[in-house]
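Peer 1: missing the sequence, but the structure's below:
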């Protein structure tokens, strides 16, 4: 589904990704770990199409298409979803209103009928229950006055409604207490499916206790320096990133 | 039957009036302003002596006043002797004969705003025979208002039919000497609207300029007077979301509201006059004085405005909170795009005990526009227990525009509570990217963010107006991002 080849990207003249190569197949859950400043979040932002990043070289193929050619909203409509590390507040814009506009933009792109308010609310209520969201959520502005945990739950709730093909979770575990982590993890696990790939970017391995990945990659200095299965994450936790940097000689 | 006869008479007199206007069309006054011009205007309108004198007094004072320079706007000096102060309506044969002759850009805007087809011609100034339609609408609504005892007519008609009311209240809120443009308006105003709601009456419908008799040709110096007698209630809608064709560059209107004991006036405006082209050429200068007087105890005046038009807007709808427990409110959205300049805000003058005021101002700047909020909250020593809450938010789109806030607070009673909150934000790249990442187009995303920003004001507008205002905002900011 996703083929990243030798990707180099920079921001403000600073090289962040320095030849990153990664392949992800449908149905797989990948975790990308690494020290701060390694380029984890940059990778997520570049894949989602955030402005300001310069792609120096390399390619990203998504279902055979050149992903880097697509505008951010086109990527979203093609099924790329980014759960933000810091979901932004949009005062006065209702949560449900944004989500309905998003879902219908995506449905329209797929050639499906737009959902009416009734059908839409049915979907939302179901997903809200899944994420154990407070009913007051329906009347509130986008992320307005949400706690850190509520924001993260909201991201996964949106993901559940939008049903993406490629979900990028950027530090979704940061700022979550153990109960909230459990809810978020249950939400993500319920979305695992043979048609969907999930990429989790995380600094800590604790999220992986709840969402068990098929593959774990270590990103350091803009490159994937080591890949493995679940055990790699545990090893990392036991020895720290420095161990790894020494091991691979970076 | 009786009312029908009355209607017939009314129709006949209207026709006659048309003829009358055609006659005087030939003697439009040449540009320039002097006492003779004012006497001419007053004579044409068959005004009583006292009103002529009132105008002249205003004019004489105006001559002594300097042009105000304090607003945060820039424009070349206006040559007041180059303006014609009395021009009769245009001949129908001079107007466009069909919509095919109207600027396609204007029609495109109507389309985006969803203006009904039969409305478009009237707005574009096409010489269509729309009389039937408007007469029937006018008649039905006049009947309904008449039953309630509500007076709603053109200012000229009020001077003829209800001189005692006009004389009692005209200039009682905005005196002729109030400011430069109010003085000018008092001297030369040609027409406008008059509303009187009798004691204890709740006006059975929203009064809208859409229904206004003599809607056309009220001219650049419009005068509006609304009086709500004790315990009455009225909601008045001014303006139109569609851009109106207008040949006059300078507009200096005066609006006076009087709320007696327990009365409530809600005044909503959507202003969308021509802002000029992208280089700022040819737009309207909108220098308006709007003020409401909460004269009686427990009265309430509420201003809601959505300002998207005009090259320059200079406007401070205000409330004088004289009556005990009276309430003043000001909800405003001011949009300035391209080279538009807006200096707008409000004044809340607390005189009575336990008076309360709320100010919610939302300024949006895009392009190279400058948008200023200027507000005064004054608490006099008599205003024991006065309270004010002000929230003043600015939203910038792009990095070549400006937002400015000039709050003036004068509290002369120690028990006063005044709160002022102000924020300035850019339409965040973060907010925009968030929406795009969810699949929205950039245009939809900007509209959504801007409408969210204005929500507190929009919800004060009557439902239909609010929907129109949102559409208007979207059109006004088209192309502002990216």
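Peer 2: Thanks, I have it. Fair warning: this is a prediction, and the values are worked out from it, not measured in the lab.
Peer 1: Might you report the residue contacts of whatever residue of chain A ends up closest to chain B?
Peer 2: As assessed by C-beta to the nearest C-beta, chain B sits closest to residue A:92 within chain A, at 3.1 Å. For glycine as for every other residue, the C-beta is placed from the backbone atoms N, C-alpha and C. Applying C-beta atoms under 8 Å, 6 or more residues apart in numbering or on different chains, one finds that residue A:92 lies in contact with A:141, B:451-456.
Peer 1: So which of these sit within helices?
Peer 2: Counted as lying in helices by DSSP state H, out of the contacts of residue A:92, are B:451-453, B:455-456.
Peer 1: from those residues, which is closest to residue A:160?
Peer 2: Nearest to residue A:160 out of the ones in helices among the contacts of residue A:92 is residue B:452 (C-beta to C-beta; 23.4 Å).
Peer 1: So that closest one versus chain A, what's the distance?
Peer 2: For residue B:452, the distance to chain A equals 3 Å [C-beta to the nearest C-beta, to the nearest Å].
Peer 1: Give me the pLDDT for that residue.
Peer 2: We note a pLDDT of 88 for residue B:452 in this prediction.
Peer 1: Neighbour count and distance to residue B:200 for the contacts of residue A:92 - can I get that in TSV?
Peer 2: Shown next, in TSV, are those (neighbours: other C-beta atoms under 10 Å in any protein chain shown; distance: C-beta to C-beta, whole Å):
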residue	neighbour count	distance to residue B:200
A:141	18	41
B:451	19	38
B:452	21	40
B:453	24	39
B:454	25	35
B:455	18	34
B:456	16	31
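Peer 1: Now for those residues: which two are most distant?
Peer 2: The widest separation within the contacts of residue A:92 (C-beta to C-beta) is 12.9 Å, between A:141 and B:454.
Peer 1: Within the helices and strands, which one has residue B:303?
Peer 2: strand B:300-307 (DSSP states H and E).
Peer 1: Could you check how far the helix or strand that that strand is followed by is from the centre of its chain?
Peer 2: Using DSSP H and E, the helix or strand that directly follows strand B:300-307 along the chain is strand B:312-315. With C-alpha atoms, centre = their mean, to the nearest Å as the basis, strand B:312-315 stands 11 Å off its chain's centre.
Peer 1: Which helix or strand contains the nearest residue to residue B:38 once chain neighbours are set aside?
Peer 2: Of all residues not flanking residue B:38 in the chain, residue B:55 sits nearest, at 5.1 Å (C-beta to C-beta, 6 or more residues apart in numbering or on different chains). Using DSSP H and E, the element containing residue B:55 is helix B:49-63.
Peer 1: Can you show me the helices along chain A?
Peer 2: Secondary structure of chain A (DSSP H): helices located at A:40-48, A:72-77, A:95-109, A:117-130, A:148-162, A:178-190, A:206-210, A:230-248.
Peer 1: For the lowest-mean-pLDDT helix or strand in chain A, give me every contacting residue.
Peer 2: Least confident helix or strand of chain A, by mean pLDDT, DSSP states H and E, is helix A:230-248 with a mean of 79. Under the criterion C-beta under 8 Å, 6+ apart, residues A:31, A:33-35, A:204-205, A:208, A:212-213, A:216, A:218, A:220, A:225-226 lie in contact with helix A:230-248.
Peer 1: mind redoing it with 7 Å?
Peer 2: Under the criterion C-beta atoms under 7 Å, 6 or more residues apart in numbering or on different chains, residues A:31, A:33, A:35, A:205, A:208, A:212-213, A:216, A:218, A:220, A:225-226 lie in contact with helix A:230-248.
Peer 1: Show me which positions of it end up buried.
Peer 2: A:230, A:232-233, A:235-236, A:241, A:244 (16 or more other C-beta atoms under 10 Å in any protein chain shown).
Peer 1: Okay, and residue B:108 sits in which element?
Peer 2: Following DSSP H and E, one finds residue B:108 within helix B:104-113.
Peer 1: how close does residue A:101 sit to residue A:88?
Peer 2: Distance of residue A:101 to residue A:88, computed by C-beta to C-beta, to the nearest Å: 16 Å.
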